[in-house]
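Participant: Quick one, structure for this:
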Amino acid sequence: MSTKEIHFLAAVIRYGSYPLILGATALVLFGGLAGGWPYFPTVPLTVAAALACVALLERRLPFHTAWARDHRDTICDAIHAGVNLVVLLAVHGVIAALAPLWSAGMWWPDQWPLWAQAVAVGAVLDFSLYSIHWLSHRVAWLWRFHAIHHSSERLYWLNGERRHPLHAGMMAAPGLLAVVVMGAPALAVGAWLGLLAVHLAFQHSNLDYRVGALRLVIGAAEVHRWHHKRGYEDAQVNYGEFWMLWDHLFGTFLLPKHKLGATEVGLKETDFPMNYGAQLVYPFRGRPIAQGTCTRDYGLARAAFLREKALSSTREAAGDRLAAWRALELGHIISQPYLGLHLRSHAAMLGLAWRTHFCSEVLAQVVRLALAPLGHALGQTPPQNVGTGRFGVMDCGTWPAELDPVTFKRR
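Facilitator: The predicted structure is shown next:
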């Protein structure tokens, strides 16, 4: 093949791959389903064929050659993709089963052709995806789920489905509920979700493609890559899944002129788990909190909390109420970054206050038990707060001299 032919082929791939593949996918999904083709196997086979095309083309014309190499992530991402695509396709069946509970078309333009109804579904769903996506960068417990998606050290076609299945459900649920209640038919929802899966593969692909002025309207890779820039502070832009309308409206759109480097994506953390099972449980393992240069470990914190709780019981039995309280305060400081342990520490304090007839502290602990989940949800749990009524709910404290900040052992 001559140099001229190679350049011509590269230009065809660069400027033709997205409109041709997405257009063909839309034609088969919208036209085929409207013409009576069965949802299964039409949608799974069409989506699979389109994803295969993206995977092959990014090998031919990569955005970064380094991203074509395995980063200890291919197997994990393949499992993510398998699980999430099955769930995505299953949504059609769930909605079809729920449809009889509502009057189809009651608030829905069911007289429109299927393609128009699918685009309407996409308009409603995309606002839901944008909103929860935006919140996931600001609410601590949601970020625990979403960090998995940002943990990849490269962007390629499988990365679009590196999502915790619960977080994927959280992002889509409000929009799906809205269109179902409005009366959208299951075929319109399923067709749009199939098209969205192909778009997400393009959005995260290592394919050096261009969409021209459409990059201001749709979330193409040249726009979305900046959302994956390493460092939490740099990733607060371009949240749109398909449309970029909401980013323009809320001031989160960004399109720098220079090229994003191959090493500029991912998280600051270098020890993020790279196997599917570990990523699945990652959001429930507690939120690591840095103390100086030391990072808290959940297992270490749990063992230290149980030690202080047992010590409190011993001191209480000996009649030393002040020492019992101090042990629980230290246990609270250790456990505070982890919601489950945090609640257990307040429950222990409530029990001690009740047994010692400390009425004001009983009230303080009831209030703190109610506020702790909200504090974690909003990322507003002040560090080193001893958790008792004599200390303000939102007051930050200093690390106690009795505890080693690395091992949590008493000095």
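Participant: Can you say which helix or strand has the residue nearest to the spatial centre of the chain in it?
Facilitator: Nearest to the mean C-alpha position of the chain, counting by Cα atoms, centre = their mean, stands residue 146 at 2.1 Å. Element membership of residue 146 [criterion: DSSP states H and E] is helix 140-150.
Participant: Quick check: mean pLDDT of the following helix or strand past that helix?
Facilitator: Next along the chain after helix 140-150, taking DSSP H and E as the criterion, comes helix 165-182. The average pLDDT for helix 165-182 rounds to 91.
Participant: Next, the angle helix 165-182 makes with the helix holding residue 146.
Facilitator: Here helix 140-150 points in a direction 110 degrees away from that of helix 165-182 (axes from the mean of the first three to the mean of the last three Cα atoms, to 10 degrees).
Participant: Outside of helix 140-150 itself, list whatever touches it.
Facilitator: Applying Cβ atoms under 8 Å, 6 or more residues apart in numbering, the external contacts of helix 140-150 come out as 132-133, 135-137, 159, 162-164, 166-167, 170, 228, 235, 266-267, 272, 279, 282-283, 287, 339, 376-379. Placement of C-beta: from N, CA and C, glycine included.
Participant: Could you do stretch 271-282 as well?
Facilitator: 72-73, 75-76, 79-80, 144, 147-148, 151, 164.
Participant: of all these, which two lie farthest apart?
Facilitator: Using Cβ to Cβ, the two most remote members of the contacts of stretch 271-282 are 75 and 144, lying 22.6 Å apart.
Participant: hmm, back to that, counting neighbours, which of the contacts of helix 140-150 end up buried?
Facilitator: 132-133, 135-137, 159, 162-164, 167, 170, 228, 235, 266-267, 272, 279, 282-283, 287, 339, 376 (16 or more other Cβ atoms under 10 Å).
Participant: Domain parsing of this protein, as residue ranges.
Facilitator: 3-284, 290-378 (automatic domain parsing).
Participant: which one of those lies closest to residue 387?
Facilitator: Per Cβ to Cβ, nearest to residue 387 of the domains of the chain: domain 290-378, 3.7 Å.
Participant: just to revisit the earlier point, narrow the contacts of stretch 271-282 to just the buried residues.
Facilitator: For the contacts of stretch 271-282, buried by 16+ other Cβ under 10 Å: 73, 76, 79-80, 144, 147-148, 151, 164.
Participant: least confident pick among these?
Facilitator: Among the buried ones among the contacts of stretch 271-282, residue 144 has the weakest pLDDT, 88.
Participant: Can you tell me which of the contacts of stretch 271-282 is nearest residue 361?
Facilitator: Among the contacts of stretch 271-282, and counting by Cβ to Cβ, the member closest to residue 361 is residue 144, at 31.1 Å.
Participant: Roughly how far does the closest one sit from residue 268?
Facilitator: To residue 268, residue 144 is 15 Å away according to Cβ to Cβ, to the nearest Å.
Participant: ok, back up a step: can you redo the contacts of stretch 271-282 as TSV with distance to residue 386?
Facilitator: Shown next, in TSV, are the contacts of stretch 271-282 (distance: Cβ to Cβ, whole Å):
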residue	distance to residue 386
72	41
73	41
75	45
76	40
79	43
80	41
144	25
147	29
148	33
151	34
164	33
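Participant: So which elements touch the helix or strand encompassing residue 374?
Facilitator: Per DSSP H and E: residue 374 is located in helix 359-378. Packing partners of helix 359-378 (3 or more Cβ pairs under 8 Å, 6 or more residues apart in numbering; DSSP states H and E): helix 140-150, helix 339-355.
Participant: now the ones you listed in CSV, with distance to residue 55?
Facilitator: CSV is the format used below for the helices and strands packed on helix 359-378 (distance: least, Cβ to Cβ, whole Å):
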stretch, distance to residue 55
helix 140-150, 19
helix 339-355, 39
